[in-house]
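Colleague: Need coordinates for the following:
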Amino acid sequence: MMDVEVNEFYKREAKREVDFLFDKGFLSDDLSRESIDWLEDYLGFLFQSKCDIAVKAALLSKKVRDLDARNKP
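Modeller: Residues are numbered from 1 along each chain as shown. Here you go, the predicted structure:
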């Protein structure tokens, strides 16, 4: 399992995605529970990371726009 703490929201989203993939036959019936748990953890981490990066990028963009607006005559 991952060492990064993933928010429960992203864990639930990851579980829903893995359940969907499994139900639609995209994942092998031979997968172990441990493999499925690892996939859920990984997807939750990816979802959370992408959202965190988007928030940081939005804040940085706002700071740049604010600095640009202050520096215009």
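Colleague: which one is the residue nearest to the spatial centre of the chain nearest to, not counting chain neighbours?
Modeller: The residue lying closest to the centre of the chain (CA atoms, centre = their mean) is residue 47, at 0.8 Å. In this structure, residue 47 finds its nearest non-sequential neighbour in residue 10, 4.5 Å apart by CB to CB, 6 or more residues apart in numbering. No exception for glycine: its C-beta is placed from N, CA and C like everyone else's.
Colleague: Point out the other helices and strands that the host helix or strand of that neighbour packs with.
Modeller: Per DSSP states H and E, residue 10 falls inside helix 8-23. Secondary-structure packing of helix 8-23 (3 or more CB pairs under 8 Å, 6 or more residues apart in numbering; DSSP states H and E): helix 33-71.
Colleague: what pLDDT, on average, does the helix it packs on get?
Modeller: Averaged over helix 33-71, pLDDT sits at 95.
Colleague: Between helix 8-23 and that helix, find me the angle.
Modeller: 130 degrees (axes from the mean of the first three to the mean of the last three CA atoms, to 10 degrees).
Colleague: what's the offset of helix 33-71 from the middle of its chain?
Modeller: Relative to its parent chain, helix 33-71 has a centroid offset of 8 Å by CA atoms, centre = their mean, to the nearest Å.
Colleague: What helices and strands are in contact with that helix?
Modeller: Here helix 33-71 touches helix 8-23, going by 3+ CB pairs under 8 Å, 6+ apart.
Colleague: average pLDDT for the helix it packs on?
Modeller: pLDDT averaged over helix 8-23 gives 97.
Colleague: got the CA positions of stretch 3-14 in CSV?
Modeller: Output in CSV follows, covering the C-alpha atoms of stretch 3-14 (Å, rounded to 0.1, in the frame of the first residue of the first chain):
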residue,chain,number,x,y,z
ASP,A,3,2.8,5.7,2.3
VAL,A,4,0.9,8.9,1.3
GLU,A,5,-2.3,9.7,3.1
VAL,A,6,-5.1,9.8,0.6
ASN,A,7,-8.3,11.6,1.4
GLU,A,8,-11.4,9.4,1.8
PHE,A,9,-13.2,11.2,-1.1
TYR,A,10,-10.5,10.1,-3.5
LYS,A,11,-10.4,6.6,-2.0
ARG,A,12,-14.2,6.2,-2.7
GLU,A,13,-13.8,7.6,-6.2
ALA,A,14,-11.0,5.1,-6.9
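Colleague: That's all I had, so thanks and see you.
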